[in-house]
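In: my questions concern the predicted model and sequence given below.
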Amino acid sequence: MTDTAPLLALTDVQVMADDACILDLPALTLRSGENIAILGANGSGKSTLVKLITRQIYPRYGGQVRIFGQDSWNVFELRQLLGIVSSTMQLDFDAEPPLEVLDCVVSGFFASRGLWAHQVYTQEMVDASRAAIEEVGATHLIGRSMASLSTGEARRVLIARALAHRPCALLLDEPCAGLDPAARHHFLDMLRAVARGGTALLLITHHIEEILPEISRIVMLNGGRIADDGSKDALLTSEALTRLFGLPIAAGRRGAWYHADILG
């Protein structure tokens, strides 16, 4: 990996499910250090793209997926460079046996659920974990079990877990799912602070109002293909969003944030 290698470079990528092509990307490059949103409706290919990046699936023969300049990765090593947070991850950490908050964050160094006897963790790992928990405003949660936390509290802990080993970027897959409006507001404010601290964000969403002011580029997916790729100002418009979602949409702006409303 080099410092200038793109976070993601896809070439001639097709992903098949049975006999159907569910993702078809001739070329897509996401540069390191960029804050980017992947925007699309349910079924547009967002989840498939996430699974390509996290090495859960692979393209058909001939396609190339390079992450940080490499096409072959040990998944555990990749997770040191790319922190991953999704709403579905929380289910794993809520399950039995109970998992304490600090242990949850420290276990991110091993990409495991909790700490096990064969894992040797250092004081440096604990200190980094405590610093990450403080960074997301969750120090008061140390000592509690993950299952006892609210959805918003648990999501903050998962962000800390991803940040503790100082990754180059965070992949956020529908991170606000299940949050009430107040929790979402505070969570997005926390993500803004993370972005301002120098960690690049790759946000996967279908909610325009979750696109942070720090995000500058939008990649729109529709039917497993790139529908548009450009600046936030150019694409978060009524016309572009109407094309993307297939409904009449009026887009607007409140300060640095965008919003969209379905007409009729």
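Out: Cool, the structure landed.
In: what's the spacing between the closest residue to Glu135 other than its chain neighbours and Ser129?
Out: In space, and not counting its chain neighbours, Glu135 is closest to Leu163: 6.5 Å by Cβ to Cβ, 6 or more residues apart in numbering. (C-beta placed from N, C-alpha, C; glycine too.) Distance check for Leu163 against Ser129: by Cβ to Cβ, to the nearest Å, it reads 9 Å.
In: just to revisit the earlier point, list the contacts for the residue nearest to Glu135?
Out: 83, 132, 135-136, 170, 194, 199 (Cβ atoms under 8 Å, 6 or more residues apart in numbering).
In: gap between Gly45 and Gly152?
Out: Gly45 is 28 Å from Gly152, by Cβ to Cβ.
In: no, scratch that, I was asking about Leu99
Out: 18 Å.
In: which residues touch the residue nearest to the spatial centre of the chain?
Out: Centroid check for the chain by Cα atoms, centre = their mean gives Leu172 as the closest residue, at 1.4 Å. Shown in contact with Leu172 (Cβ under 8 Å, 6+ apart): 85-86, 191, 201-204.
In: please enumerate the strands of the stretch 151-264 of the chain.
Out: In the stretch 151-264 of the chain, the segments counted as strands under DSSP state E, counting those that start in this stretch are 169-173, 200-205, 217-222, 225-231, 249-254, 257-262.
In: show me which of Gly45 and Gly152 is the more surrounded one.
Out: Taking other Cβ atoms under 10 Å, Gly45 and Gly152 do not tie; Gly45 has more neighbours (23 against 18).
In: need the pLDDT of the more buried one.
Out: On pLDDT, Gly45 comes in at 94.
In: grab the nearest non-local neighbour of it.
Out: Gly224 (4.0 Å).
In: now do that neighbour: how many residues are near it, please.
Out: 21.
In: hang on, isn't it packed against Leu49?
Out: No: Gly224 is beyond contact range of Leu49, at 9.1 Å (criterion: Cβ atoms under 8 Å).
In: so what sits against both of these two?
Out: In contact with both Gly224 and Leu49: Leu23, using Cβ under 8 Å, 6+ apart.
In: mind listing the strands whichever strand or helix holds Asp24 pairs with, and their directions?
Out: Using DSSP states H and E, Asp24 falls within strand 20-30. With DSSP bridges as the test, strand 20-30 is paired with strand 8-17 (antiparallel).
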